[in-house]
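J.: Got a predicted structure plus its sequence, pasted below:
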Amino acid sequence: MQQAVPLSWYLALSAVLFTLGVAGFLFRRNIITMFMSIELMLNAVNLTFVAFSYRLRQVDGQVFTFFVMVVAAAEAAVGLAIILIVFKNRETLQVDDLSAMKD
Amino acid sequence: MDPILFLIFASIAVVCGINVVVQTHPITSALSLIGVMASLAMLYLLLGAQFIAAAQVVVYAGAIMVLFVFVIMLLNAGRERKTRGSFLPRLIGPPLLIALLGSVAFVILRVVPHDAVVKFGTYTGGTVENLGRAIFTTYLWPFEITSILVLIAIVGAVALAYKELD
């Protein structure tokens, strides 16, 4: 029995997760669920970074994953604060009702 | 043993990822996303990235998702209302997504050499020592600039929340 996993399996899993994130961002209409889809895409990219870090035997990819995590934390803090303000002003979380900039 | 572990955690990640997208209640999506992040942490361990696996559980599944769940509970976010989108995006959206996945998979299969395999235990470079050495020597300036970014995010979040008090 083969004891090793091809590297392309990890990258394919990352591609599937990224596509799921894109689908969630496009098809969901709740602003919080759309935000979570963005986090899913960031996680898929992190998996690619770590997989190539393994392949090249260098720690640099993992450093980039670390930076992505920090930026995602900052993004989540500011984004959720904005969602709180929007809900306080408009009483809705549906993106279809938040089209003031279009009108 | 390696393929079995990979398949277990990869299938958990994909199932939870699908669940994030298809569920209409935000709290169910959030709990599924925690499942994705936990199984990804196990895959990082298989790839020899120990510190990143720990940080994934602590920062992502711990801190960020708690923030999400807090906001969902605070806003009392209910089930998503079904809205009628326009016809054309509904028609061409799924084929375009499949085209995106197919093109990415094509590039992966072309670029990655076929002898590239992952075997648990052959690379243990992701220790705290190696990562810390890289962050505080080669990547010192990006690290410091990131700390300023986090400071700006804290001040911004507090400023937004402060405006709410008026």
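T.: Looks like it came in fine. The model shown is predicted, which means the values in this text are computed figures rather than measured ones.
J.: show me what contacts A:Phe25?
T.: By Cβ atoms under 8 Å, 6 or more residues apart in numbering or on different chains, the contact set of A:Phe25 is A:34, A:37-38, A:41. All C-beta atoms are positioned from the backbone trio N, CA, C, and that covers glycine.
J.: which is the next helix or strand following the strand or helix carrying it?
T.: Using DSSP states H and E, A:Phe25 maps to helix A:7-27. Tracing the chain past helix A:7-27, the next element assigned as helix or strand by DSSP H and E is helix A:31-56.
J.: Please parse chain B into its domains.
T.: Following automatic domain parsing, one finds the domains of chain B at B:2-126, B:127-166.
J.: measure the longest one end to end?
T.: With Cα to Cα, to the nearest Å applied, domain B:2-126 spans 19 Å between its terminal residues.
J.: Report the separation between B:Leu91 and chain A.
T.: 13 Å (Cβ to the nearest Cβ, to the nearest Å).
J.: Spell out which helix or strand contains A:Val68, please.
T.: With DSSP H and E as the test, A:Val68 turns up in helix A:60-90.
J.: Wait, B:Gln56 touches B:Met42, no?
T.: No. Applying Cβ atoms under 8 Å as the test, B:Gln56 and B:Met42 come out as separate, 9.4 Å apart.
J.: Remind me which helix or strand the residue nearest the centre of chain B belongs to.
T.: Among the residues of chain B, B:Met37 comes closest to the average C-alpha position under Cα atoms, centre = their mean, at 6.0 Å. B:Met37 is part of helix B:26-46 when elements are defined by DSSP H and E.
J.: between that helix and helix A:7-27, how many degrees?
T.: Angle of helix B:26-46 versus helix A:7-27, following axes from the mean of the first three to the mean of the last three Cα atoms, to 10 degrees, is 160 degrees.
J.: what's the spacing between the residue nearest the centre of chain A and B:Lys119?
T.: Taking Cα atoms, centre = their mean as the criterion, A:Glu39 is the residue nearest the geometric centre of chain A, at 2.6 Å. Distance of A:Glu39 to B:Lys119, computed by Cβ to Cβ, to the nearest Å: 30 Å.
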